[in-house]
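Engineer: sharing a sequence plus its predicted fold:
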Amino acid sequence: MSVAALLVLGGIVALDATSFGQLMLSRPLVAGTLAGALVGAPLEGALVGASLEALSLTVLPVGASRYPDTGTAAVAAAGTLGLAGSEATAPALLLALVYGLAWQRVAGATVVAGRYLNERMVRAGQPSRARMDTLIEHRHLETMLLDVIRGVVITAAAVMAGVPLLLMAIERWALPANMAAVAIAVSTAAVLAGAVPLFAEASRGRAFLVLGLLCGSILALIR
């Protein structure tokens, strides 16, 4: 049941990214947390989602640019970690994070393929002006359905491939666990440093940045 719910979430996240809603469900932090909760690992899902969120801050999906699909990748990574049943050790989190980053590119390629398919669908036929509005509405519904199907399929593929790969990688991990924790911390800090200018150029951006750092520090101290 949890796997079926995870696949449905993958479809919703893919739909939310651009086609419909844009309710921020496709943000890695939200998607990862929801995916973890569905497979009985909310904390692990939140940790994976937060790390992917930090590493995705510099991705700007503007216009027709090509960008990784961070939302479905977060669902895949968090879902894979939860379904694998592994403890939330630093190596397991790092391996799930790397898998999520790799799957971002695979899922991003399906977004590009979907754009080409949408273009062919729009160009199909030469409707009259009277039918144009109806055609546009139908095409939009069709592309929304395709996004849902795309999200479900790539989430299923990611989980099927990811669970055995993750278990094998965890079993063969031979490095100290603290090295994995350091790798996560250093990579996240490096990306966050590069993303600071995106938020610090405006006065409101600086205020939100400081407030976010303060809240994060308080939560870390409480924990």
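Structural biologist: Perfect, I can see it now.
Engineer: Val98: neighbour count?
Structural biologist: Val98 has 16 neighbouring residues, counting by other Cβ atoms under 10 Å. Heads up, the C-betas are built off the backbone N, CA and C, glycines and all.
Engineer: host element of it?
Structural biologist: helix 90-123 (DSSP states H and E).
Engineer: what angle separates the following helix or strand past that helix from helix 90-123?
Structural biologist: Where DSSP H and E defines the elements, the next helix or strand beyond helix 90-123 is helix 129-171. Relative orientation of helix 129-171 versus helix 90-123 (axes from the mean of the first three to the mean of the last three Cα atoms, to 10 degrees): 160 degrees.
Engineer: quick revisit: chain center to the helix holding Val98: distance?
Structural biologist: From the chain centre to the centre of helix 90-123 is a distance of 9 Å (Cα atoms, centre = their mean, to the nearest Å).
Engineer: check stretch 145-159 too.
Structural biologist: Taking Cα atoms, centre = their mean, one finds stretch 145-159 lying 13 Å from the centre of the chain it belongs to.
Engineer: please enumerate residues in contact with it?
Structural biologist: Contacts with stretch 145-159, where a contact means Cβ atoms under 8 Å, 6 or more residues apart in numbering, come from 3, 6-15, 17-20, 69, 72-73, 75-77, 79-80, 83, 103, 106-107, 110-111, 114, 117-118.
Engineer: filter these to the buried ones?
Structural biologist: Buried members of those, counted by 16 or more other Cβ atoms under 10 Å: 6-7, 9-15, 17-19, 69, 72-73, 75-77, 79-80, 83, 103, 106-107, 110-111, 114, 118.
Engineer: center of this structure - which residue?
Structural biologist: Among the residues of the chain, the one closest to the centroid is Gly71, at 2.3 Å (Cα atoms, centre = their mean).
Engineer: wouldn't that residue be in contact with Arg27 here?
Structural biologist: Yes. Between Gly71 and Arg27 there is a contact under Cβ atoms under 8 Å: 6.8 Å.
Engineer: any idea how far Leu175 is from Ala90?
Structural biologist: 10 Å (Cβ to Cβ, to the nearest Å).
Engineer: actually Gly151, sorry about that
Structural biologist: In this view, Gly151 and Leu175 are 34 Å apart by Cβ to Cβ.
Engineer: more neighbours, these two?
Structural biologist: More neighbours surround Gly151 than the other of Gly151 and Leu175, with 28 against 10 (other Cβ under 10 Å).
Engineer: quick one: pLDDT of that one?
Structural biologist: If you check Gly151, the pLDDT there is 88.
Engineer: what strand or helix carries the closest residue to it other than its chain neighbours?
Structural biologist: Nearest-residue entry for Gly151: Ala14, 2.7 Å, with adjacent residues in sequence omitted and distances by Cβ to Cβ, 6 or more residues apart in numbering. In this structure, Ala14 sits in helix 2-17 according to DSSP H and E.
Engineer: show me what that helix is packed against.
Structural biologist: Packing contacts for helix 2-17, counted by 3 or more Cβ pairs under 8 Å, 6 or more residues apart in numbering; DSSP states H and E, involve helix 28-38, helix 70-84, helix 129-171.
Engineer: got the angle for the first one vs helix 129-171?
Structural biologist: Here helix 28-38 runs at 70 degrees with respect to helix 129-171, directions being taken by the same axes, to 10 degrees.
Engineer: what separates helix 28-38 from the chain centre, distance-wise?
Structural biologist: Relative to the centre of its chain, helix 28-38 is centred 9 Å away, using Cα atoms, centre = their mean.
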